[in-house]
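**Student:** here is a sequence together with a model predicted from it:
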Amino acid sequence: MLPTSETTEAKPRITGRPSKVSGPPLYEKALYKVLLEKLPSKFIKFGRLDTQAICDGTGNARFTIYRWLNEQKLSKNAIRSLLTLSFESDEAKKKGKLKKADLIPFFDLGDDL
């Protein structure tokens, strides 16, 4: 039996960026809304979170900030660094300061429980 063109053709490999994540957009997720509501205005740009300002303030890479927002999970160090952003501002009286209780629902306990 001779090979046909159907069996010898290799399927094209998919390369590049993965397809978009299904689900709600980033700005509709709970952690995004909490940070937008509680962080000082220097971390808000045009009504959205300024991820570059958050990177500069926390010392984390932009990818890390987006991972926090997409996965809705925070480590202990992430919570600590986000809290310091809020403590450094005098706007806390106007907006309501970001508190540990606001971020605890997003604390990642890991899969080993």
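**Tutor:** All right, it came through fine. Residues are numbered from 1 along each chain as shown.
**Student:** please count neighbours and contacts with C-alpha atoms only from this point.
**Tutor:** Noted.
**Student:** remind me, longest helix of the protein?
**Tutor:** Among the segments of the chain that qualify as a helix by DSSP state H, the longest is helix 76-87.
**Student:** tell me what that helix is packed against?
**Tutor:** helix 51-58, helix 100-103 (3 or more Cα pairs under 8 Å, 6 or more residues apart in numbering; DSSP states H and E).
**Student:** which element is residue 65 on?
**Tutor:** Using DSSP states H and E, residue 65 sits within helix 62-71.
**Student:** can you list contacts of that helix?
**Tutor:** By Cα atoms under 8 Å, 6 or more residues apart in numbering, the list of residues contacting helix 62-71 from outside reads 26, 29, 31-32, 51-52, 54-55, 74.
**Student:** that older thread, per-residue confidence averaged over the longest helix of the chain?
**Tutor:** On average, the pLDDT along helix 76-87 is 91.
**Student:** quick one, phi/psi of residue 60?
**Tutor:** phi -100, psi 160 (degrees, to the nearest 10).
**Student:** if I look at it, how far off is residue 17?
**Tutor:** Per Cα to Cα, to the nearest Å, residue 60 is found 23 Å from residue 17.
**Student:** neighbour count for these two, which is higher?
**Tutor:** Neighbours were counted for residue 60 and for residue 17 using other Cα atoms under 10 Å; residue 60 has more, 14 against 6.
**Student:** give me the pLDDT value at the more buried one.
**Tutor:** Confidence score, pLDDT, at residue 60: 95.
**Student:** how near is it to residue 45?
**Tutor:** 19 Å.
**Student:** and residue 102, by the same measure?
**Tutor:** 21 Å.
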